[in-house]
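# next input, structure requested:
(2 chains)
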Amino acid sequence: MDKKRREFLKIAGISTLAGLGAPAVVDRLITGSYPLAARAAREVTPGEGAGDQASTAGHGSDTVPSGTRYGMVIDVRKFNENPAMAEACIKACHSVHNVPDLAEKNNEIKWIWLTGYGNAFPDHSHYHKDENLEKNQVLVLCNHCDSPPCVRACPTKATFKNKDGIVAMDYHRCIGCRFCMAACPYGARSFNWQDPRNGLDMNKINREFPTRMRGVVEKCNFCVDRLPRGLQPACVEATGASKAMVFGDLNDPNSEIRQVLKENFTIQRKPALGTQPSVFFIV
Amino acid sequence: MFEKALKGNNYYWIWLAFLGTFMAIGALCYIRQYNYGLGLTGMSRSVSWGLYISQFTFLVGVAAGGVMLVLPYYIHNYKAFGRITILGEFLAIAALTMCLMFIIADLGQPLRALNVLLHPTPNSMLFWDMIVLNGYLFLNILCGWVILTAERKQVKPPKWIYIFVYISIPFAISIHTVTAMLYCGLPGRHFWLSAIIAPRFLASAFAAGPALILLVGLILKRVANFDVGKEAKDKIVTIILYAAIINAFFLMLEFFVGYYSNIPGHKHTLEYLFFGLEHDGHVYNNLVPYLWGFVVLCASGIALLAIPYTRRNDLWLGIGSAAIFFGLWLDKGIGFVLGGFVPTPLEEVVEYYPTLNEIMITIAVWCTGFFILTVLYKIAISVEHEIES
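From the prediction side, this is the model:
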């Protein structure tokens, strides 16, 4: 009798522990390394946060309601009026970050580039596009997603999300497995298939930003190195006073970017995937 | 027991020398790649995984396939497999070694590989894959070696080893499930984003692994005087047949979902793999011959194994199992991984062509695996012969 009771208590105790523990473990696995952000995301109250503007497709409207979350609005119409501006943006970005210009297409590295409207927004309608979208191209870059699949995939935390929402890279920790490249639904990541200095003029490089070594992944970093110095991202700076690109804190209701989002209809790339991009487009 | 591997006839040494030659060439090619970077491969920004990762994926299946011999013997006490479970375990060791070599060959910074352990990241499937692959490798070395040693001394294996044998069974399932999860949890890769990937991987693994064992078994009968036994052979054929048919069924389900739903993203890769994908007035179809090769080889392999006349003939049986093995290799070792990158997330099509350097490294890793397999099977069979005499 006594023995049976002990057995029962043992089993009951273990099952209680398992029952209590399992949800915590599952939760931890799902939220990954960012339980705080995820918890905050669940506590979002309607009417608050940048999510209202983000909900163009009815997906991915919840996001971090407090703290800084950097984002960008790209006004494609203004780029159409001045096609040279996009090239200037690309050039500014690539020279500030020492992005190499390699001859072989296979080894190509790019942080920000031009692509067709249909390539950037494959899920949107392309049937009888208006003339502007037919003729012109769209600037694309890393979306600095609020729920980044690349960060989820990285086996070494070499790519991670900063407190300010920027998805950054640690080039010294990256093992070059390229899982993040397979995971990114926007094709924003490049790999150094060879020594990037093969494609750089070492006399002209920006000494304030490191060149990379071969065998690591890289991508747009929202100029995380320039922001603390009070500078705008290099591409935004290249657009001058045109307001073709607006950069700022999506969580600050008084920021310029929030004003732009309030006054314009914007779209995000592939919102249905739930990645919650921080880059918005006015087309 | 290693001394058993040092005694062999001329054919044994010629075969090892043959494999060793390719291993040496591949080692030189790897030194080239190590010094220059992965730019020596055909991979690109758009197709960022190539032959290495696709071979890795296929070989995880071969490693898991060995469990189809271990499970019936240890769980169902199916005596006919008693002599050959060791072949399944040793095949897993060789296949997993190849897997780990392919991963290292694919890393941009191989010297940093241990970062996966130094900065453990449970939300990354690659972290879990590392754990289950190394765990399964350890379990197979342990179980294979302890049981073979006991067999040699003609005593029963120690009781504690059975715990590890039983653990190794779910581990075999887990290695291929977690490998499938590398792919099927990625948003925006429609071909991979399918819940049926893990079951399909397992089905093709349970056909390809036993098919290779059967093929090697038939070769061993001729060259090493080792007979798998009629009953065991028939049972392996049954396992291969069911698994290959289930794999084909799963593939047809993928076709149904893609084509009946008519969602472009779900169709594009299938179209690219089997019929050629038209994009901007150009038809991209460089993998189409491989995928139809898979269909033809698997269909004829299934037929050869199913028809009683050909099944009872060792030559036809060998051709049938080889057809299934190569067919599934074309499917998973070529089509699945490479196809998943087409079209790119920006709706472009970039085709992948491996370079000679890359192909030589790939061949060398395969040869290393077969080298290990030959040595391990030599030891196992020598022990069998020793007991018999």
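# ranges for the strands of chain B?
Secondary structure of chain B (DSSP state E): strands located at B:277-279, B:282-284.
# tell me the most buried of these?
Mean neighbour count (mean count of other CB atoms under 10 Å in any protein chain shown) peaks for strand B:277-279 among those, with a mean of 17. All C-beta atoms are positioned from the backbone trio N, CA, C, and that covers glycine.
# name the surrounding residues that touch that one.
Strand B:277-279 is contacted from outside by B:268, B:271, B:283, B:284, B:285, B:342, B:343, B:348, B:349, using CB atoms under 8 Å, 6 or more residues apart in numbering or on different chains.
# got a pLDDT number for the first one?
Meaning residue B:268. If you check residue B:268, the pLDDT there is 94.
# ok, it - contacts?
Counting by CB under 8 Å, 6+ apart, residue B:268 makes contact with B:190, B:191, B:277, B:342, B:343.
# tell me which of those is nearest to residue A:223?
Distance to residue A:223, by CB to CB, is smallest for residue B:343 among the contacts of residue B:268, at 30.4 Å.
# so the closest one touches residue B:349, yeah?
Yes. Counting by CB atoms under 8 Å, residue B:349 is a contact partner of residue B:343 at 5.3 Å.
# please enumerate the shared neighbours of those two.
With CB under 8 Å, 6+ apart as the test, residue B:343 and residue B:349 both reach B:272, B:277, B:279.
# so how far is residue B:285 from the second one?
So the one you mean is residue B:277. 7 Å (CB to CB, to the nearest Å).
# one more: the first one?
Between residue B:272 and residue B:285 the computed distance is 7 Å (CB to CB).
# please say which of these two ends up with more neighbours.
Per other CB atoms under 10 Å in any protein chain shown, whichever of residue B:272 and residue B:285 has more neighbours is residue B:272, with 29 against 17.
# pull the number of nearby residues for the nearest residue to that one once chain neighbours are set aside.
Excluding the flanking residues, the one nearest residue B:272 by CB to CB, 6 or more residues apart in numbering or on different chains is residue B:342, at 4.7 Å. Residues contacting residue B:342 under the criterion other CB under 10 Å number 24.
# my read is that residue B:342 contacts residue B:288, right?
No. Between residue B:342 and residue B:288 there is no contact under CB under 8 Å: 11.8 Å.
# ok, now which ones touch the closest residue to residue B:186 other than its chain neighbours?
Closest residue to residue B:186 apart from its sequence neighbours, by CB to CB, 6+ apart: residue A:183 at 4.9 Å. Listed by CB under 8 Å, 6+ apart, the contact set of residue A:183 reads A:149, A:150, A:152, A:153, B:186, B:187.
# mind listing which of these are in helices?
If you go by DSSP state H, the contacts of residue A:183 have A:149, A:150, A:152, A:153 in helices.
# can you tell me how far the third one is from chain B?
Yep, that's residue A:152 we're talking about. Separation of residue A:152 from chain B (CB to the nearest CB, to the nearest Å) stands at 5 Å.
# now that residue, nearest residue through space, not along the chain?
Computed as CB to CB, 6+ apart, the closest residue to residue A:152 that is not its neighbour in sequence is residue B:123, at 5.3 Å.
# ok, that neighbour touching residue A:150?
No. Using CB under 8 Å, residue B:123 makes no contact with residue A:150, being 11.5 Å away.
# between these two, who's got more neighbours?
residue A:150 (28 against 19).
# just the pLDDT at the more buried one, thanks.
The model's pLDDT for residue A:150 equals 96.
# can you tell me the SS state at the residue of the stretch 51-200 of chain A found nearest chain B?
Nearest to chain B, among the residues of the stretch 51-200 of chain A, is residue A:176, at 1.9 Å (CB to the nearest CB). Recorded secondary structure, residue A:176: coil (DSSP: H, G, I helix; E, B strand; the rest coil).
# my guess is it contacts residue A:215, does it?
Yes. Assessed by CB under 8 Å, residue A:176 is found in contact with residue A:215 at 4.2 Å.
# shared neighbours, these two?
The contact sets of residue A:176 and residue A:215 overlap at A:191, B:38, B:107, B:108, B:109 (CB under 8 Å, 6+ apart).
# for these, which one is nearest residue B:47?
Nearest to residue B:47, judged by CB to CB, of the shared contacts of residue A:176 and residue A:215 is residue A:191 at 11.1 Å.
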